[in-house]
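1. Sequence first, predicted model second:
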Amino acid sequence: MIQTIRKQIPQEEFDYQTLRDCLKGYARPRDKISDLLRKGSIIRIKKGLYIFGDEYRRSPFSREVLANLMYGPSYISLEYALHYYGLIPERVEAVTSVTTGRSRRFSTPVGLFTYRMIPLEAFRVGMDRIEIGGGRAFIMATPAKALADKLQEVRGIGVQSQKELNDYLENNLRVDPLAMKELDPSELDTISRGYQSRRIRLLSDLARHIHHKAEEERGHA
């Protein structure tokens, strides 16, 4: 049975309906699913979401794909995305996402997944589709959006100037100064309007200042 299911499901991550479709010829598909779980042929990540067990896995499963499937609408952002892009040095264990639903956290057999609620207008901007091969992909914030989401999440930092913000980014969030040069000020303008955030507007102004300074340095070289 598991060999037949494996042939019908090419990806490593799949939901309950996909599994049911593979078992539609059986009189009691729920019992078959329970048997597959008991044997470790498949692993339940959370209710309605599964991966194949080690013996039947063709390639590594993707925690990023699982994060998108686990709770939605959502996409990966915040610390996990910042580390993925190399903006911060610390390795992040939890897969962090943003959502328009309630903030949630799920402790699963493959790690912790957290979701932070943000306004719909802010959610709509600053996301990319990242292909990982085999017809699989996940949605993640752009570098600028991931940093903006993180900056908006922090409470009580009280930055009032570009210098104070720059110091906070370097010393508290440990953002790579070189990576700051790659952020798009225009994109940050759009994100700041979605959030209606003075703090992110200040981040946009800082990114624009860094761009201008880099251009001046190239001109004098």
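-> Perfect, I can see it now.

2. so is residue 58 in a helix, a strand, or just coil?
-> coil (DSSP: H, G, I helix; E, B strand; the rest coil).

3. If you count neighbours, what's buried in stretch 167-181?
-> Going by neighbour count (16 or more other CB atoms under 10 Å), the buried part of stretch 167-181 is 168, 169, 173, 175, 176, 179, 180. Glycine gets a C-beta too; all of them are placed from N, C-alpha and C.

4. right, and the pair among the residues you listed with maximum separation?
-> The most widely separated members of the buried residues of stretch 167-181 are 168 and 179, with 15.2 Å between them, by CB to CB.

5. ok so, going back, need the buried residues of stretch 167-181 in TSV with pLDDT, secondary structure and distance to residue 78, can you?
-> Below are the buried residues of stretch 167-181 laid out as TSV (pLDDT from 0 to 100; DSSP: H, G, I helix; E, B strand; the rest coil; distance: CB to CB, whole Å):
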residue	pLDDT	secondary structure	distance to residue 78
168	95	helix	16
169	95	helix	14
173	94	coil	11
175	95	coil	13
176	93	coil	16
179	89	helix	16
180	89	helix	17
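
6. contact partners of stretch 132-147?
-> With contacts defined as CB atoms under 8 Å, 6 or more residues apart in numbering, stretch 132-147 is touched by 10-11, 13, 59, 62, 64-65, 67-68, 75-78, 81-82, 84-85, 87, 98, 125-131, 149, 169, 175, 179, 182-184, 187-188, 191, 203, 207.

7. And for stretch 179-191?
-> So stretch 179-191 is contacted by 85-87, 122, 125-126, 142-145, 147-148, 169, 200-201, 203-208, 210-211, 214 (CB under 8 Å, 6+ apart).

8. And the buried ones among the residues you listed, selectable in PyMOL?
-> To isolate in PyMOL the members of the contacts of stretch 179-191 that are buried, counting by 16+ other CB under 10 Å, one can use:
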select buried, resi 85+87+122+125+126+142+143+144+145+147+148+169+200+201+203+204+205+206+207+208+210+211
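
9. In strands, which of the contacts of stretch 179-191 fall?
-> Using DSSP state E to define strands, no part of these is located there.

10. which residues touch the residue nearest the centre of the chain?
-> Central residue of the chain (CA atoms, centre = their mean): residue 76, 1.2 Å from the mean position. When contacts are counted by CB under 8 Å, 6+ apart, residue 76 is found next to 64, 67, 68, 84, 95, 96, 97, 138, 139, 140, 141.

11. how distant is the helix of greatest length in the chain from the center of its chain?
-> In terms of residue count, the longest helix belonging to the chain (DSSP state H) is helix 198-220. Using CA atoms, centre = their mean, to the nearest Å, the mean C-alpha position of helix 198-220 is found 26 Å from that of the whole chain.

12. what sits against residue 12?
-> Remark: with contacts taken as CB under 8 Å, 6+ apart, residue 12 is in contact with 51, 52, 57, 58, 59, 60, 61, 62.

13. The nearest residue to it once chain neighbours are set aside and residue 168, how far apart?
-> Nearest residue to residue 12, sequence neighbours excluded (CB to CB, 6 or more residues apart in numbering): residue 61, at 4.1 Å. Residue 61 sits 36 Å away from residue 168 when distances are taken as CB to CB, to the nearest Å.

14. Ok, residue 31 next?
-> When distances are taken as CB to CB, residue 31 and residue 168 turn out to be 56 Å apart.
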